[in-house]
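when you get a sec, could you give me coordinates for this:
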Amino acid sequence: MTETELANAAVDTEFARAALEVTRRWAIEELDAARLRVTNLRCGGNAYNDAIYAINELVRTIDSIAYMLGEKTPTEIMHVAPPADPDGEPVVDMEQPEPEPEPTEPERPIPKLEDVRGQCGEAKKAGVDIKGILNDLGYKNLSSVDSKDYNTLLDKVAAALEEIG
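Residues are numbered from 1 along each chain as shown. Here you go, the predicted structure:
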């Protein structure tokens, strides 16, 4: 190979690495956003698990490509398991310490509307201003409350009950 061909090959390799890095960063950001959207759906079950699994597999694929090119992998961005090498062993970057898991509070299940109605009815009988609480949350009536706000509503109702004594 001539010097010109070697120089062109080096430029092509650098260009490919730069393109991979830009694509990888974009893909990781998009997959992270997709993970957040799926998590916020709170759908649970197989649909949720399948979506998260697919996102993790895409991240692993991106990391595997980077590994084959000798690049460091961005798994610390997504906090997923690193890709496996051809022998099946996980690839571990010894230079970076393991991130400490963030303490998470277990997610409260969203109660059913019937349960919310029942608790609000009992609280109203005890003297709690349910209409006032609904107005504070930005709702006209119980039927208009978004299910994601049921726990907040019930927390406010419980606090009002404690104040009443």
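
list the contacts for residue 154?
Residues counted as contacts of residue 154 (C-beta atoms under 8 Å, 6 or more residues apart in numbering) are 111, 116, 119. Just so you know, the C-beta spots here come from the backbone N, C-alpha and C atoms, and that holds for glycine as well.

format those as a markdown table; extra columns: neighbour count, pLDDT and distance to residue 22.
Shown next, in a markdown table, are these (neighbours: other C-beta atoms under 10 Å; pLDDT from 0 to 100; distance: C-beta to C-beta, whole Å):
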| residue | neighbour count | pLDDT | distance to residue 22 |
| --- | --- | --- | --- |
| 111 | 16 | 89 | 45 |
| 116 | 20 | 93 | 48 |
| 119 | 19 | 93 | 52 |
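
ok, so of those residues, who is nearest residue 137?
Comparing the contacts of residue 154 against residue 137 with C-beta to C-beta places residue 116 closest, at 12.1 Å.

OK, contacts around that closest one?
Listed by C-beta under 8 Å, 6+ apart, the contact partners of residue 116 are 142, 145, 150, 153, 154.

apply 10 Å and report the result again.
The neighbourhood of residue 116, defined by C-beta atoms under 10 Å, 6 or more residues apart in numbering, consists of 110, 142, 145, 147, 149, 150, 151, 153, 154, 157.

same question, residue 46
Going by C-beta under 10 Å, 6+ apart, residue 46 touches residue 53.

quick check: next helix or strand after the host helix or strand of residue 29?
Counting by DSSP states H and E, the element that carries residue 29 is helix 3-41. Later in the chain than helix 3-41, the nearest helix or strand by DSSP H and E is helix 45-68.

distance from the chain centre to that next one, please.
Relative to the chain's own centre, helix 45-68 is displaced by 13 Å; criterion: C-alpha atoms, centre = their mean, to the nearest Å.

likewise stretch 139-157?
Put simply, stretch 139-157 sits 24 Å off its chain's centre (C-alpha atoms, centre = their mean).

average model confidence for that stretch?
Throughout stretch 139-157, pLDDT has a mean value of 91.

what does stretch 18-36 give?
Mean predicted confidence for stretch 18-36 is 76.

in that stretch, which residues are buried?
Residues of stretch 18-36 classed as buried: 24, 28, 31, 35 (neighbour count, 16 or more other C-beta atoms under 10 Å).

just the closest of these to residue 163, please.
residue 35 (39.9 Å).

the closest one and residue 53 touch, don't they?
No - with contacts counted by C-beta atoms under 10 Å, residue 35 stays clear of residue 53, the gap being 11.0 Å.
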